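S.K.: After the sequence you'll find the predicted model.
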Amino acid sequence: MNLSKFRSAIEKNDSQTDLICPSCHRLPLGTGGTLPHFDMQLQDQQHPASLDGAFEKQYLCKTCHTVWLKRIDKWGIDNGFRLKP
């Protein structure tokens, strides 16, 4: 797909170019206290994710299949959502 076709597909809001659903797009990144949206499902919880006692929860969006991580530090403070690398 050349660049001009890609741009026109984006302008038309073609479903083939949608990488993330609107609900995931509205999630604030790195903001503590954010709840997962209704289509996100808890997949895994890693104890501990690091040597400092923090852990991560892994969520999967059932709509767009995006994987999100939510880090909780050793004091239980939520560091918000981020995309899994």
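M.R.: Received the coordinates, thanks. Quantities reported herein were computed from a predicted structural model and do not represent experimental measurements. Numbering: from 1, shown residues only.
S.K.: Tell me the helix or strand right after the helix or strand hosting residue 23.
M.R.: In the assignment (DSSP states H and E), residue 23 maps to helix 22-25. Sequence order places strand 40-46 as the next helix or strand after helix 22-25, per DSSP H and E.
S.K.: For residue 39, give me the pLDDT.
M.R.: Predicted confidence (pLDDT) for residue 39: 93.
S.K.: quick one on the thing from earlier: what's next to the helix holding residue 23, contact-wise?
M.R.: Helix 22-25 has contacts (CB atoms under 8 Å, 6 or more residues apart in numbering) with 37, 38, 39, 40, 61, 63, 64, 66, 68. Any C-beta I mention is one placed from the backbone N, CA and C, and that applies to glycine too.
S.K.: cool, stretch 55-64 as well?
M.R.: For stretch 55-64, contacts defined as CB under 8 Å, 6+ apart pick out 18-21, 23-24, 36-37, 39-49, 66-72, 81, 84.
S.K.: mind redoing it with 7 Å?
M.R.: 20-21, 23-24, 36, 39-49, 67-72, 84 (CB atoms under 7 Å, 6 or more residues apart in numbering).
S.K.: isn't residue 73 right up against residue 54?
M.R.: Yes: Residue 73 is within contact range of residue 54, at 4.7 Å (criterion: CB atoms under 7 Å).
S.K.: just for this structure, where's the confidence low?
M.R.: When residues are selected by pLDDT under 70, those of the chain lie in 1-18, 47-50.
S.K.: Geometric centre of it: which residue is closest?
M.R.: For the chain, residue 68 is the residue whose C-alpha lies nearest the centre (CA atoms, centre = their mean; 3.3 Å).
S.K.: Can you tell me how far that residue is from residue 24?
M.R.: 8 Å (CB to CB, to the nearest Å).
S.K.: For residue 73 and residue 54, indicate the residue with more neighbours.
M.R.: residue 54 (18 against 15; other CB atoms under 10 Å).
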